[in-house]
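Participant: mind folding the following:
(one chain, ligands or ions: 1)
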Amino acid sequence: MNSRTDLRLPAEQYFVEKPKKDLIVLHHTVGGSARSTFDYWRTDAEHVGTAYIVERDGTVYEVFPPECWAYHLGLKVGPIGVVDKRSIGIEIASEGPLLERDGKLYAFGRVAEQTLYSGDVFDAGAAGFRGSRYFAAYTPQAMAAVCELVDSLITRFKISRQTPAEHSTFDLNGLRNYSGVVTHCQLRADKSDCHPGMAWEKLVAECDLRTTTHLDIKASAFHTMDTKAARRRTCELIAE
Ligand SMILES: [Zn+2]
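Facilitator: All right, here's what the predicted structure looks like:
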């Protein structure tokens, strides 16, 4: 893995406290390059960013230490930042959703010579995904780097080696206490990252992830209850 630290946010632009990490959240940037996203964060005073940006060529930029945190989820659940703190964000540099006009595809929602898109495309089909049919495909090099990065972070931070079996459905209630690997569109209904073209099967295989179903997630949320109540609740869940 080609990991670099030459795009580095100054310490006043993220939170230097080191909360326990038990979640990895994958995003895509909707940007021209890792550097353009980094430059945008650097001018932003709101402590917004992720610890990593993965460029299309597979270069991994560590923007700040993954033990620290910044806002990257924008969840309207309290307390503010509770899920941002416990998670490590990874942005995949990508144009994101593409706009079709007269048989051509354009990035960033603008039809212009500069936004004409010529890379590989993921087609979500006629029904589309979160309002768009076409998306920039994630490159094989970026996917390989994401797999390697996720695997190393899971080991380093002792994060559960698991991911929900279904990756395109919004389920904040089911996932707000989840430990493992998720993506932004599962936590926000208005986000399209990461789109269903993401190589989940490769990630699951290479990181040796267990895939969890909704029932597993619900049941794990009750681990903190006393055993009797948890057993009763689990029975209720199975009865649903
Ligand atoms: Zn996102």
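
Participant: where do the strands of the protein begin and end?
Facilitator: Counting by DSSP state E, the chain has strands at residues 3-4, 23-28, 52-54, 60-62, 87-92, 97-101, 104-107, 121-123, 134-136, 162-164, 180-183, 210-212.

Participant: Asp171: which of those is closest?
Facilitator: strand 162-164 (7.7 Å; C-beta to C-beta). Any C-beta I mention is one placed from the backbone N, CA and C, and that applies to glycine too.

Participant: show residues contacting the closest one.
Facilitator: Residues from elsewhere that reach strand 162-164 (C-beta atoms under 8 Å, 6 or more residues apart in numbering): 171, 175, 178-182, 186, 200, 203-204, 209-214, 217.

Participant: can you pull the buried residues of stretch 30-48?
Facilitator: By neighbour count on 16 or more other C-beta atoms under 10 Å, the buried set for stretch 30-48 is Val30, Gly31, Ala34, Thr37, Phe38, Trp41, His47, Val48.

Participant: nearest to the ion among those residues?
Facilitator: Of all the buried residues of stretch 30-48, the ion sits closest to Val30, with 8.6 Å by C-beta to the ion.

Participant: phi, psi of the closest one?
Facilitator: Taking degrees, to the nearest 10, you get phi 60, psi 60 for the backbone angles of Val30.

Participant: centroid-nearest residue for this protein?
Facilitator: With distances taken as C-alpha atoms, centre = their mean, Leu26 lies nearest the centre of the chain, 1.6 Å away.

Participant: and the pLDDT for the nearest residue to it once chain neighbours are set aside?
Facilitator: Here the nearest residue to Leu26 in space, its sequence neighbours aside, is Thr183; by C-beta to C-beta, 6 or more residues apart in numbering that works out to 4.5 Å. In this prediction, Thr183 carries a pLDDT score of 98.

Participant: and Thr183, what does it touch?
Facilitator: Taking C-beta under 8 Å, 6+ apart, we find Thr183 in contact with Val25, Leu26, His27, His167, Asp193, Cys194, Met198.

Participant: surely Leu209 meets Gly180?
Facilitator: Yes - judged on C-beta atoms under 8 Å, Leu209 makes contact with Gly180 at a distance of 7.2 Å.

Participant: could you say which of the strands of the chain is packed most deeply?
Facilitator: When neighbours are counted by mean count of other C-beta atoms under 10 Å, the highest per-stretch mean among those falls to strand 52-54, a mean of 28.
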